[in-house]
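# Quick one: sequence plus predicted model below, questions after.
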Amino acid sequence: MQTIDLEDFDKVDLRVGTIIQVENFEKARKPAYKIWVDLGEELGVKKSSAQVTHWYTPERLIGRQVICVCNFKPRQIADFMSEILITGFTAAEGGIILASVERPVPNGSKLH
C-alpha cells in the first residue's frame with residue numbers, strides 16, 4: 001500500500017450532502033442513476049452519475065446523506081456532466097454500498 005502525507009489527504013474535499021433527486025441513467029454503459037446532491041449553501045446542488053442500482057432504488061436514495069468528493073474535475077458521462085463523486089464500498093455480494101454518516105449533519109460539512 002502506498003502511503004501519503006496529511007497534506008495529500010487535505011487536498012481531497014470530502015463533504016456530506018443529501019440526495020434530493022434521482023433518475024435512471026438510460027445512456028450509461030452500465031446500470032446507473034443520475035443523482036443530485038444538496039451540498040449546502042457554499043456549494044449548492046451538484047450532480048453525479050453513480051452505479052448504485054444493485055442495492056438502491058431511486059426511492060431509497062432520496063433523503064439519504066452521502067459522502068462526496070467535491071473537488072475532482074467534472075467528468076462527461078454520455079450526455080451528463082458528473083460534478084462530484086459519491087463514495088462507497090464494494091459489497092462482498094457485489095454492487096456498491098454508499099458511504100454515509102452515523103447521524104445527520106449539516107449539508108456541506110467537511111470530513112476531517
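Nice, thanks for sending it over. All values derive from a computational prediction rather than experimental measurement.
# Enumerate every residue touching the most centrally placed residue in the chain.
Centroid-nearest residue in the chain, with CA atoms, centre = their mean: I86, separated by 1.4 Å. Applying CB atoms under 8 Å, 6 or more residues apart in numbering to I86 gives the contacts 35, 37, 48, 50, 52, 66-68, 98. Backbone N, C-alpha and C define where each C-beta goes, glycine included.
# what's the distance between it and F72?
In this view, I86 and F72 are 11 Å apart by CB to CB, to the nearest Å.
# model confidence over the longest strand along the chain, on average?
Using DSSP state E, we find that the single longest strand of the chain is strand 14-24. Averaged over strand 14-24, pLDDT sits at 98.
# Okay, buried residues for it please.
14-19, 22 (16 or more other CB atoms under 10 Å).
# And stretch 60-79, by the same measure?
61, 64-68, 70, 77.
# biggest separation within those residues, which pair?
Farthest pair in the buried residues of stretch 60-79 (CB to CB) is Q65 and I77. Separation: 23.1 Å.
# Tell me how many other residues surround P104.
10 (other CB atoms under 10 Å).
# Then the one 5 residues further on?
As a burial measure, S109 scores 17 neighbours (other CB under 10 Å).
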